[in-house]
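Chemist: Got a predicted model here, sequence first, then my questions.
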Amino acid sequence: MKKLDKKKKSILILSTCLVLLFTPKIKANEEQISYYEEYTIEGIIPYATIGGSNIYIGNEKFIDSIRNDDTEDIYVVDGRDNKNPNMRICNSYEIRSINRMNKILEILLNYEREYPTDWDRTKDAMLREWITHNVLYDFSFQTNRTKEVDLDNNDEKVYSR
(Lines give C-alpha, C1' and ligand atoms only; values in the text may rest on other atoms or scores of the structure.)
Protein backbone atom coordinates (compact mmCIF):
# COMPACT_ATOMS: atom_id res chain seq x y z
CA MET A 1 0.00 0.00 0.00
CA LYS A 2 2.83 2.41 0.83
CA LYS A 3 4.41 1.81 -2.57
CA LEU A 4 1.16 2.70 -4.29
CA ASP A 5 0.88 5.90 -2.26
CA LYS A 6 4.41 6.91 -3.23
CA LYS A 7 3.66 6.13 -6.88
CA LYS A 8 0.47 8.23 -6.78
CA LYS A 9 2.31 11.10 -5.14
CA SER A 10 5.07 10.93 -7.73
CA ILE A 11 2.55 11.04 -10.58
CA LEU A 12 0.74 13.97 -8.98
CA ILE A 13 3.95 15.91 -8.47
CA LEU A 14 5.10 15.20 -12.03
CA SER A 15 1.70 16.23 -13.44
CA THR A 16 1.73 19.43 -11.42
CA CYS A 17 5.24 20.28 -12.59
CA LEU A 18 4.23 19.73 -16.22
CA VAL A 19 1.16 21.95 -15.84
CA LEU A 20 3.24 24.68 -14.24
CA LEU A 21 5.95 24.37 -16.87
CA PHE A 22 3.56 24.64 -19.79
CA THR A 23 1.12 27.17 -18.35
CA PRO A 24 1.52 30.33 -20.42
CA LYS A 25 1.94 33.63 -18.68
CA ILE A 26 -1.24 35.53 -19.43
CA LYS A 27 -1.87 39.14 -18.59
CA ALA A 28 -5.08 39.60 -16.66
CA ASN A 29 -6.83 42.51 -18.31
CA GLU A 30 -10.39 41.34 -18.94
CA GLU A 31 -12.14 41.82 -15.59
CA GLN A 32 -12.04 45.23 -13.96
CA ILE A 33 -11.23 45.65 -10.28
CA SER A 34 -13.17 48.16 -8.21
CA TYR A 35 -12.18 49.01 -4.65
CA TYR A 36 -14.66 50.14 -2.02
CA GLU A 37 -13.45 53.34 -0.37
CA GLU A 38 -15.79 52.67 2.57
CA TYR A 39 -14.02 49.39 3.42
CA THR A 40 -12.73 48.97 6.97
CA ILE A 41 -11.07 45.87 8.38
CA GLU A 42 -13.83 45.37 10.96
CA GLY A 43 -16.69 46.33 8.62
CA ILE A 44 -19.03 44.25 6.45
CA ILE A 45 -18.37 46.11 3.20
CA PRO A 46 -16.35 44.07 0.67
CA TYR A 47 -12.77 45.17 0.05
CA ALA A 48 -13.14 45.02 -3.73
CA THR A 49 -15.19 43.63 -6.57
CA ILE A 50 -14.14 41.86 -9.74
CA GLY A 51 -16.43 40.82 -12.56
CA GLY A 52 -19.53 40.96 -10.36
CA SER A 53 -17.97 39.06 -7.44
CA ASN A 54 -17.41 40.80 -4.14
CA ILE A 55 -14.08 40.12 -2.45
CA TYR A 56 -14.32 39.93 1.33
CA ILE A 57 -11.12 39.91 3.38
CA GLY A 58 -11.12 39.43 7.13
CA ASN A 59 -10.20 37.20 10.02
CA GLU A 60 -11.57 33.67 10.25
CA LYS A 61 -14.42 34.59 12.61
CA PHE A 62 -15.61 37.39 10.32
CA ILE A 63 -15.39 35.32 7.14
CA ASP A 64 -17.24 32.42 8.80
CA SER A 65 -20.03 34.82 9.84
CA ILE A 66 -20.66 36.17 6.31
CA ARG A 67 -19.57 33.30 4.05
CA ASN A 68 -22.19 32.07 1.61
CA ASP A 69 -20.87 29.47 -0.82
CA ASP A 70 -24.03 29.80 -2.94
CA THR A 71 -22.85 33.15 -4.28
CA GLU A 72 -20.08 34.15 -6.68
CA ASP A 73 -18.41 36.12 -3.87
CA ILE A 74 -14.81 35.39 -2.92
CA TYR A 75 -13.80 35.05 0.72
CA VAL A 76 -10.22 35.46 1.91
CA VAL A 77 -9.16 34.66 5.46
CA ASP A 78 -6.52 37.16 6.59
CA GLY A 79 -4.03 35.28 8.73
CA ARG A 80 -1.19 37.73 8.19
CA ASP A 81 -0.80 38.19 11.94
CA ASN A 82 0.03 34.48 12.40
CA LYS A 83 3.54 33.23 13.12
CA ASN A 84 3.68 32.24 9.43
CA PRO A 85 1.71 35.08 7.76
CA ASN A 86 -0.98 33.73 5.47
CA MET A 87 -3.87 34.67 3.20
CA ARG A 88 -6.27 31.77 2.51
CA ILE A 89 -8.66 31.89 -0.43
CA CYS A 90 -11.79 29.91 0.42
CA ASN A 91 -12.94 27.40 -2.21
CA SER A 92 -10.13 28.50 -4.50
CA TYR A 93 -10.52 25.27 -6.50
CA GLU A 94 -13.68 26.77 -8.06
CA ILE A 95 -11.69 29.58 -9.68
CA ARG A 96 -10.18 28.27 -12.94
CA SER A 97 -9.45 31.36 -15.01
CA ILE A 98 -5.79 32.37 -14.90
CA ASN A 99 -6.92 35.93 -15.61
CA ARG A 100 -9.25 35.91 -12.61
CA MET A 101 -6.57 34.35 -10.39
CA ASN A 102 -4.13 37.08 -11.39
CA LYS A 103 -6.68 39.80 -10.61
CA ILE A 104 -7.48 38.32 -7.20
CA LEU A 105 -3.79 38.09 -6.38
CA GLU A 106 -3.38 41.71 -7.48
CA ILE A 107 -6.16 42.62 -5.03
CA LEU A 108 -4.40 40.75 -2.20
CA LEU A 109 -1.12 42.51 -2.94
CA ASN A 110 -2.93 45.87 -2.95
CA TYR A 111 -4.52 44.95 0.39
CA GLU A 112 -1.05 44.26 1.80
CA ARG A 113 0.17 47.65 0.55
CA GLU A 114 -2.78 49.39 2.24
CA TYR A 115 -2.57 47.38 5.48
CA PRO A 116 1.11 46.34 5.69
CA THR A 117 2.26 43.31 7.69
CA ASP A 118 5.11 40.80 7.49
CA TRP A 119 3.25 38.83 4.78
CA ASP A 120 5.68 38.71 1.86
CA ARG A 121 4.63 36.88 -1.29
CA THR A 122 5.19 37.45 -5.00
CA LYS A 123 2.35 37.26 -7.50
CA ASP A 124 4.06 34.65 -9.71
CA ALA A 125 4.80 32.28 -6.82
CA MET A 126 1.24 32.63 -5.50
CA LEU A 127 -0.17 31.87 -8.95
CA ARG A 128 1.99 28.73 -9.22
CA GLU A 129 0.87 27.61 -5.78
CA TRP A 130 -2.79 28.19 -6.63
CA ILE A 131 -2.55 26.27 -9.90
CA THR A 132 -0.80 23.43 -8.07
CA HIS A 133 -3.60 23.30 -5.49
CA ASN A 134 -6.21 23.17 -8.26
CA VAL A 135 -4.42 20.38 -10.12
CA LEU A 136 -4.01 18.34 -6.95
CA TYR A 137 -7.67 18.93 -6.11
CA ASP A 138 -8.63 17.69 -9.60
CA PHE A 139 -6.71 14.49 -8.88
CA SER A 140 -8.68 14.15 -5.61
CA PHE A 141 -5.44 14.49 -3.68
CA GLN A 142 -6.09 15.61 -0.10
CA THR A 143 -9.15 17.58 -1.19
CA ASN A 144 -9.69 18.86 2.35
CA ARG A 145 -6.35 20.70 2.02
CA THR A 146 -6.22 21.49 -1.71
CA LYS A 147 -9.69 23.03 -2.05
CA GLU A 148 -8.40 26.24 -0.47
CA VAL A 149 -5.05 27.75 -1.31
CA ASP A 150 -3.16 29.05 1.71
CA LEU A 151 -0.65 31.64 0.60
CA ASP A 152 1.77 31.65 3.52
CA ASN A 153 5.27 33.06 3.65
CA ASN A 154 6.96 29.66 3.96
CA ASP A 155 5.59 28.57 0.58
CA GLU A 156 7.21 31.48 -1.28
CA LYS A 157 10.48 29.54 -1.43
CA VAL A 158 8.73 26.44 -2.74
CA TYR A 159 6.93 28.18 -5.61
CA SER A 160 9.38 30.88 -6.68
CA ARG A 161 11.69 30.16 -9.59
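Modeler: Looks like it arrived, so ask away.
Chemist: Model confidence for Arg161, exactly?
Modeler: As predicted, Arg161 sits at a pLDDT of 75.
Chemist: Name all residues that make contact with it.
Modeler: By Cβ atoms under 8 Å, 6 or more residues apart in numbering, the contact set of Arg161 is Asp124. The way it works is simple: take the backbone N, C-alpha and C, and place the C-beta from them, glycine included.
Chemist: following whichever strand or helix holds Asn110, which helix or strand comes up?
Modeler: Assessed by DSSP states H and E, Asn110 sits inside helix 98-114. Counting by DSSP H and E, the next helix or strand C-terminal to helix 98-114 is helix 123-138.
Chemist: That following helix packs against which elements?
Modeler: Here helix 123-138 touches helix 2-22, helix 98-114, helix 143-146, strand 149-152, helix 154-159, going by 3 or more Cβ pairs under 8 Å, 6 or more residues apart in numbering; DSSP states H and E.
Chemist: mind listing what's buried in it?
Modeler: By neighbour count, with 16 or more other Cβ atoms under 10 Å as the criterion, the buried positions of helix 123-138 are 125-137.
Chemist: quick one: which of these is nearest to Ile41?
Modeler: Nearest to Ile41 out of these is Met126 (Cβ to Cβ; 21.2 Å).
Chemist: Quick check: that closest one touching Asp152?
Modeler: No. Taking Cβ atoms under 8 Å as the definition, Met126 is not a contact partner of Asp152, at 10.2 Å.
Chemist: how close does Asp150 get to Val76?
Modeler: 11 Å (Cβ to Cβ, to the nearest Å).
Chemist: again, but for Gly51
Modeler: Per Cβ to Cβ, Gly51 is found 16 Å from Val76.
Chemist: Tell me which of those two has more neighbours.
Modeler: Val76 (22 against 14; other Cβ atoms under 10 Å).
Chemist: got the contact list for the more buried one?
Modeler: Ile55, Tyr56, Ile57, Gly58, Ile63, Met87, Arg88, Ile89, Cys90, Leu108.
Chemist: If you drop the residues flanking it in sequence, what lies closest to it?
Modeler: What sits nearest to Val76 in space, not counting adjacent residues and going by Cβ to Cβ, 6 or more residues apart in numbering, is Ile57, at 4.5 Å.
Chemist: which SS state does that neighbour fall under?
Modeler: strand (DSSP: H, G, I helix; E, B strand; the rest coil).
Chemist: If anything else comes up later, I'll come back, but that's it for now.
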